[in-house]
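Student: With the input below, show me the fold.
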Amino acid sequence: MLYRRMLSRAAYIGRWEFGRKRNEFSTKRDYVRQIMQREDEVAFMQCEELRIVDDELFFAVQSRLAELTKGPRGPKKDKQPQLFDLVTDLFWCAHCNVRFQQAGANGRGMRCKNGDLCPCQSIVRRDEATRAICEKLCALINQDAELIQSIICRVHERNSPGDEELQTAVAKLERRIATLSNRISDFYQMAGEGNDKDRKEVMRHVRSTQAERSSVQHELSQRQQQLTQSTATIQPEAVRESLAGFSELLKDAASGMLSEEAVYKAMAVIRRLVGGRVMIHVERRKGRKRKNARGVFTPQLIRAVADQADLTDRHEPAGEEVSVWLREPPRLDAIAERAHELIDIERLSHRDTAKRLQKEGHKVNSGNVWYSYHRWYEMNGQTPPSLPYNSRTTTVTGESRHSSALYFK
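Tutor: Prediction:
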């Protein structure tokens, strides 16, 4: 590029120009930029004393440079489509109720569309968020596989006889089509009789009857298709196979090992499983620079399997919302959910909870358990109950209960 600009200067043949560019101050950008001027506004001067080469050599060089000119070049290699590039529109800001957009260094993150105007503004890594959603969905499928299979099979058993009203409507339409066909045959037999006026009248009736029959035939085909779909069968093996396919695809998506075709398939599966939207809750913590980011969605596992099997009845009982960390949380926040389960559900003391967590590989003590337990209620917007610090549990009639009468105030 440098040598081309040097060899293209007209000053080599003694031709000088003045006023080719002029400075212009931009108040919007707050700096001076140079603007190219028209040919009639440029002053030219020919000075033979300053000539270096003759015209023949100069224009020969220009011809050679024109031959070596290359057009605009595209990227050196095609960019492999990534899953997190295709599912960014699934993430929405829970505060502003607008979707996230690509942001951050090299476009690897995403943030609320309102940018700095959002009070919960934070940039979340797109690859980490997508990986967390895939891992959570995979865990839910492995956990509820038998439940999903039993629900879909029960729905199939309930709807397998088909809709009696739909069958009655199909039979009625078939009889109507037969009646219209017989009427058209009778009209054709009368077509050659009578005068011109009578024949025109017969053909008018034929055309109107044919149009009515076509309309009834179209309605019949729709009803038959509905009847076929309502009586469609699905076997437990097909449900199990669909769930296994979802799980394997999500595992590959979480590890980043997807081909170009599999990426688009994984995108469609994730959209169905999360219900088309993941709400991102960003939590500001006092005295902490880094914010917590959690994704909340309602899993649509049954609906996804029903769509895979082309079932018309895709009713799914309202499920509970699922929360997943979109970036690695603080250590004590990460075990808050587990501390809540051990203390409130299994009725363990803080010390026993700490021992259980230590066996699970967490380096915590009873003081950390107390903090994590209160953090769970804080993250869910609830007030934690007042519990004795070292309450013990005893077994009474097969149930685990706290021996302390001060468990609840």
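Student: Count the residues that sit near residue 342.
Tutor: Residues within reach of residue 342, counting by other C-beta atoms under 10 Å, total 23. The way it works is simple: take the backbone N, C-alpha and C, and place the C-beta from them, glycine included.
Student: Make sure it is actually in contact with residue 348.
Tutor: Yes. At 4.8 Å, residue 342 and residue 348 qualify as touching, with contact defined as C-beta atoms under 8 Å.
Student: Next, show the common contact partners of the two.
Tutor: Residues touching both residue 342 and residue 348 (C-beta atoms under 8 Å, 6 or more residues apart in numbering): residue 356.
Student: can you pull the buried residues of stretch 337-356?
Tutor: 337-340, 342-343, 347-350, 352-356 (16 or more other C-beta atoms under 10 Å).
Student: And the average pLDDT for that stretch is what?
Tutor: Stretch 337-356 comes out with an average pLDDT of 88.
Student: domain assignment for this protein?
Tutor: 2-67, 83-156+236-325, 162-230, 331-402 (automatic domain parsing).
Student: Please enumerate the helices of the stretch 51-200 of the chain.
Tutor: Counting by DSSP state H, counting those that start in this stretch, one finds helices in the stretch 51-200 of the chain at the ranges 55-67, 83-86, 126-159, 164-189, 196-230.
Student: Which one, of those helices, ends up nearest to residue 261?
Tutor: Residue 261 sits nearest to helix 83-86 of all the helices of the stretch 51-200 of the chain, at 12.3 Å, using C-beta to C-beta.
Student: any idea how far the closest one is from the chain center?
Tutor: 8 Å (C-alpha atoms, centre = their mean, to the nearest Å).
Student: give me the low-pLDDT residue ranges for the stretch 1-150 of the chain?
Tutor: 1-2, 71-78, 144-150 (pLDDT under 70).
Student: and if we set it to 50?
Tutor: For the stretch 1-150 of the chain, applying pLDDT under 50 flags no range at all.
Student: Low-confidence stretches in the stretch 151-300 of the chain?
Tutor: 160.
Student: can you rerun that using 90?
Tutor: 151-276, 281-294, 298-300 (pLDDT under 90).
Student: Test my guess that residue 119 contacts residue 95.
Tutor: Yes. If you go by C-beta under 8 Å, residue 119 and residue 95 touch, sitting 6.4 Å apart.
Student: Between these two, which is the more surrounded one?
Tutor: residue 95 (16 against 11).
Student: and that one, how far is that from residue 209?
Tutor: 63 Å (C-beta to C-beta, to the nearest Å).
Student: now swap in residue 195 and tell me
Tutor: Taking C-beta to C-beta, one finds residue 195 at 22 Å from residue 209.
Student: repeat for residue 3
Tutor: Using C-beta to C-beta, we find residue 3 at a distance of 85 Å from residue 209.
Student: neighbour count winner among the two?
Tutor: residue 209 (17 against 8).
Student: List the residues that contact the more buried one.
Tutor: Per C-beta under 8 Å, 6+ apart, neighbours of residue 209: 180, 183, 184, 187.
Student: Isn't the last one up against residue 207?
Tutor: In other words, residue 187. No. Contact criterion C-beta under 8 Å: residue 187 and residue 207 do not qualify, at 9.6 Å.
Student: Compare the two (neighbour count), which wins?
Tutor: Neighbours were counted for residue 187 and for residue 207 using other C-beta under 10 Å; residue 187 has more, 19 against 11.
Student: Any idea how many residues pack against the residue nearest to that one when sequence neighbours are not counted?
Tutor: Among residues not flanking residue 187 along the chain, residue 206 sits closest, at 4.6 Å (C-beta to C-beta, 6 or more residues apart in numbering). Residues lying near residue 206 (other C-beta under 10 Å) number 18.
Student: Hmm, residue 189 and residue 206 touching each other?
Tutor: No. The pair residue 206 / residue 189 is not scored as a contact, 11.0 Å apart, by C-beta under 8 Å.
Student: where along this protein do the strands fall?
Tutor: 15-18, 21-26, 31-36, 43-46, 91-93, 100-103, 109-112, 124-125, 278-283, 292-297, 322-325, 393-396, 399-402 (DSSP state E).
Student: could the ones you listed go into JSON lines alongside distance to residue 170 and mean neighbour count?
Tutor: Compiled in JSON lines, the strands of the chain are given as follows (distance: least, C-beta to C-beta, whole Å; neighbours: other C-beta atoms under 10 Å):
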{"stretch": "strand 15-18", "distance to residue 170": "86", "mean neighbour count": "12"}
{"stretch": "strand 21-26", "distance to residue 170": "73", "mean neighbour count": "10"}
{"stretch": "strand 31-36", "distance to residue 170": "74", "mean neighbour count": "9"}
{"stretch": "strand 43-46", "distance to residue 170": "88", "mean neighbour count": "10"}
{"stretch": "strand 91-93", "distance to residue 170": "44", "mean neighbour count": "23"}
{"stretch": "strand 100-103", "distance to residue 170": "48", "mean neighbour count": "17"}
{"stretch": "strand 109-112", "distance to residue 170": "51", "mean neighbour count": "23"}
{"stretch": "strand 124-125", "distance to residue 170": "53", "mean neighbour count": "20"}
{"stretch": "strand 278-283", "distance to residue 170": "43", "mean neighbour count": "20"}
{"stretch": "strand 292-297", "distance to residue 170": "40", "mean neighbour count": "20"}
{"stretch": "strand 322-325", "distance to residue 170": "42", "mean neighbour count": "17"}
{"stretch": "strand 393-396", "distance to residue 170": "63", "mean neighbour count": "11"}
{"stretch": "strand 399-402", "distance to residue 170": "57", "mean neighbour count": "13"}
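Student: Indicate which one of those strands is closest to residue 199.
Tutor: Closest among those, using C-beta to C-beta: strand 91-93, at 68.0 Å.
Student: Quick check: which helices or strands does that closest one pack against?
Tutor: Contacts defined by 3 or more C-beta pairs under 8 Å, 6 or more residues apart in numbering; DSSP states H and E place strand 91-93 against strand 100-103, strand 278-283.
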